[in-house]
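**Q** this is a predicted model, with the sequence first.
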Amino acid sequence: MQDYYRYSVSELTQHARLPLTVVPAAQDVYDRLADEMVAVIAANNAAGAISVIIIPVGPMGQYPAFVQAVNAKHLDLRRTWFVNMDEYVTDGRWIDPASDWSFHRFVQANLYDRLDPALAPPTDQRVFPDPQDPAAIDRLLAQLGKVDLVIGGIGLSGHIAFNEPQPALSVDEFAALPTRVVTLTAATRIASAIGDTHGALELVPTQAVTIGMAELLSARRIVLGCFRDWHRGVVRQAVGQKPSAAFPVTLLQRHPNAELVVPTAVAAFEAPA
């Protein structure tokens, strides 16, 4: 058994290869992610600059806090670009936006529909990777000239967005992967089935379009949050293992400004005998 499974919470933060912040509860994780978004946008607005933020559908708990802050502070998002990490794909196209699985639907309902319309970003600045032209995101980010911030979570197999493990690749090869359509691993689909379909694995989509590792790692700052019970083991691998394409989140250890934020309950871990 790896030593990182035996660490206390304080030992885990001390030895973490990826900066790890432990907060009291899951809501504190969401608040931290929302605060990161607000801070970037406010700073860029003050400087007369655009903001470019890559956002997830998992986790989602940061969006109510973000919306509340934007509306209360009258934070102008009209110069902000929101780039979603990923979306499910069927028959080579985005999944039907009316589907319960649609990330378009989730973000529209939980973010854009709740913003003061006078503050909201224009619709053409709400971007998803396109399975019919995956490189469009890469071209857009090159044109915008930066990614200010990535917020997101970690999947059961260590994936960020839907950049699933590819153990045959070197770290550098994996870090260079572009936006593309992927087939989801069994671990990813099983985790979704347990959490979302009461174990009905056949209902979980099999493909997605995901923003590339190259685009994620180009960001000036990356902040990930974990909150589920099964994240306990994932977090320990993320901060304890050496960088490897077999557990993609470990590549963030090489990023100069990345951080993982978790509640105490997730940082804690009782190793089996």
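**A** Arrived safely, thanks for sending.
**Q** how about the strand or helix carrying residue 35: buried residues?
**A** Using DSSP states H and E, residue 35 falls within helix 26-47. Across helix 26-47, burial judged by 16 or more other Cβ atoms under 10 Å covers 26, 28-34, 36-38, 40-42, 44-45. C-beta: built from backbone N, CA, C; applies to glycine.
**Q** okay, the helix or strand following it in PDB with CA atoms only?
**A** Toward the C-terminus, helix 26-47 is succeeded by strand 51-55 as the next helix or strand (DSSP H and E). Taking Å, rounded to 0.1, in the frame of the first residue of the first chain, the C-alpha atoms of strand 51-55 are listed here in PDB:
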ATOM      1  CA  SER A  51     -11.800  37.100 -19.000                       C
ATOM      2  CA  VAL A  52     -11.600  33.500 -20.300                       C
ATOM      3  CA  ILE A  53     -12.700  30.800 -17.900                       C
ATOM      4  CA  ILE A  54     -13.000  27.100 -18.500                       C
ATOM      5  CA  ILE A  55     -15.900  25.700 -16.500                       C
END
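**Q** okay, the angle between strand 51-55 and helix 26-47?
**A** Using axes from the mean of the first three to the mean of the last three Cα atoms, to 10 degrees, the direction of strand 51-55 lies 160 degrees away from that of helix 26-47.
**Q** on that earlier part again, of the buried residues of helix 26-47, closest to residue 72?
**A** The closest of the buried residues of helix 26-47 to residue 72 turns out to be residue 38 (Cβ to Cβ; 10.3 Å).
**Q** could you check how far stretch 198-213 is from the centre of its chain?
**A** Remark: stretch 198-213 is offset 15 Å from the chain centroid, using Cα atoms, centre = their mean, to the nearest Å.
**Q** correction: the previous question concerned stretch 152-168.
**A** How far stretch 152-168 lies from its chain's middle: 10 Å, per Cα atoms, centre = their mean.
**Q** check stretch 161-180 too.
**A** A distance of 15 Å separates the centroid of the chain from that of stretch 161-180, by Cα atoms, centre = their mean.
**Q** now stretch 186-193: buried residues?
**A** Buried-residue list, stretch 186-193, by 16+ other Cβ under 10 Å: 188-193.
**Q** which of the residues you listed fall in helices?
**A** 188-193 (DSSP state H).
**Q** output the buried residues of stretch 186-193 in JSON lines; the columns should cover distance to residue 254.
**A** Shown next, in JSON lines, are the buried residues of stretch 186-193 (distance: Cβ to Cβ, whole Å):
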{"residue": "188", "distance to residue 254": "23"}
{"residue": "189", "distance to residue 254": "28"}
{"residue": "190", "distance to residue 254": "29"}
{"residue": "191", "distance to residue 254": "26"}
{"residue": "192", "distance to residue 254": "28"}
{"residue": "193", "distance to residue 254": "32"}
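**Q** sorry, back to before: now do the helix holding residue 35, average pLDDT.
**A** For helix 26-47, mean pLDDT is 98.
**Q** give me the contacts around that helix.
**A** With contact meaning Cβ atoms under 8 Å, 6 or more residues apart in numbering, helix 26-47 is reached by 21, 23, 50-51, 53, 59, 61-66, 69-70, 73, 75-77, 79-80, 148-149, 151, 221, 223, 225-227, 261-263, 265.
**Q** please save the CA atoms from that helix in CSV.
**A** Taking Å, rounded to 0.1, in the frame of the first residue of the first chain, the C-alpha atoms of helix 26-47 are listed here in CSV:
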residue,chain,number,x,y,z
ALA,A,26,-18.3,20.9,0.8
GLN,A,27,-20.0,24.3,0.7
ASP,A,28,-16.7,25.9,1.5
VAL,A,29,-15.3,24.2,-1.6
TYR,A,30,-18.0,25.6,-3.8
ASP,A,31,-17.6,29.1,-2.3
ARG,A,32,-13.9,29.0,-3.0
LEU,A,33,-14.5,28.1,-6.6
ALA,A,34,-17.0,30.9,-7.0
ASP,A,35,-14.7,33.4,-5.3
GLU,A,36,-11.9,32.4,-7.8
MET,A,37,-14.2,33.2,-10.7
VAL,A,38,-15.4,36.5,-9.3
ALA,A,39,-11.8,37.6,-8.5
VAL,A,40,-10.5,36.9,-12.0
ILE,A,41,-13.4,38.7,-13.7
ALA,A,42,-13.3,41.7,-11.3
ALA,A,43,-9.6,42.1,-11.8
ASN,A,44,-9.9,41.9,-15.6
ASN,A,45,-12.8,44.3,-15.7
ALA,A,46,-10.8,46.8,-13.7
ALA,A,47,-8.0,46.5,-16.2
